[in-house]
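Visitor: sequence first, predicted coordinates after that:
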Amino acid sequence: MNGYYAIVEKDADSAFGVRFPDVEGCFSASDEENRVLPNAIEALSLHLKGMAAYPPPRALEAITGDPDIRSALRNGGYLVYVPRIVSQNRPVRVDLSFGDSLAALT
């Protein structure tokens, strides 16, 4: 697997909270549901950055068998799969061309 399962939970008066059962100390939050996954990807990437070895991810069956996760799911939480995206932060060459109509702006 190239990612981790996360549990998303929300109380009536709170933001969406995201926690990673297999990545101790990694969490995220979002006020908007459509930002849950992008924020979780960023949190996971930043948390794992620089680690010599990544924590082993559990399979879906193991995650859903965890009593803590089962309780969260019964109480309205849901699972999302968050891919592990490793940024290389390498320079990238970009060539740009502009039409001559932009010359009038200078």
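Guide: Noted; the coordinates are in hand.

Visitor: what's the average pLDDT for the lengthiest helix in the chain?
Guide: Assignment by DSSP state H gives helix 36-48 as the longest helix of the chain. Helix 36-48 shows a mean pLDDT of 94.

Visitor: not counting it itself, show me its contacts.
Guide: 3-4, 6, 8, 16, 18, 20, 23, 25-30, 54, 80, 82-87 (C-beta atoms under 8 Å, 6 or more residues apart in numbering). For the C-beta atoms, the positions are set from N, CA and C on the backbone; glycine is no exception.

Visitor: what of stretch 58-65?
Guide: By C-beta under 8 Å, 6+ apart, the residues outside stretch 58-65 that reach it are 1, 5, 21-22, 66, 69-70, 73, 79.

Visitor: turn the residues you listed into TSV, including neighbour count, pLDDT and secondary structure.
Guide: Listed next are these as TSV, based on neighbours: other C-beta atoms under 10 Å; pLDDT from 0 to 100; DSSP: H, G, I helix; E, B strand; the rest coil:
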residue	neighbour count	pLDDT	secondary structure
Met1	13	70	coil
Tyr5	22	97	strand
Pro21	20	96	coil
Asp22	17	96	coil
Asp66	16	95	coil
Ile69	19	95	helix
Arg70	13	96	helix
Leu73	16	96	helix
Leu79	16	96	strand
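
Visitor: one step back: of the contacts of helix 36-48, buried ones?
Guide: With neighbours counted by 16 or more other C-beta atoms under 10 Å, the contacts of helix 36-48 contain buried members at 3-4, 6, 8, 16, 18, 20, 23, 26, 28-30, 82.

Visitor: if I pick the nearest residue to Glu32 once chain neighbours are set aside, what's in contact with it?
Guide: Leaving aside its chain neighbours, Glu32 sits nearest to Phe16 (7.9 Å; criterion: C-beta to C-beta, 6 or more residues apart in numbering). With contact taken as C-beta under 8 Å, 6+ apart, Phe16 is in contact with 8-10, 29-33, 36.

Visitor: quick check: the two most widely separated of the residues you listed?
Guide: Using C-beta to C-beta, the two most remote members of the contacts of Phe16 are Glu9 and Glu32, lying 15.3 Å apart.
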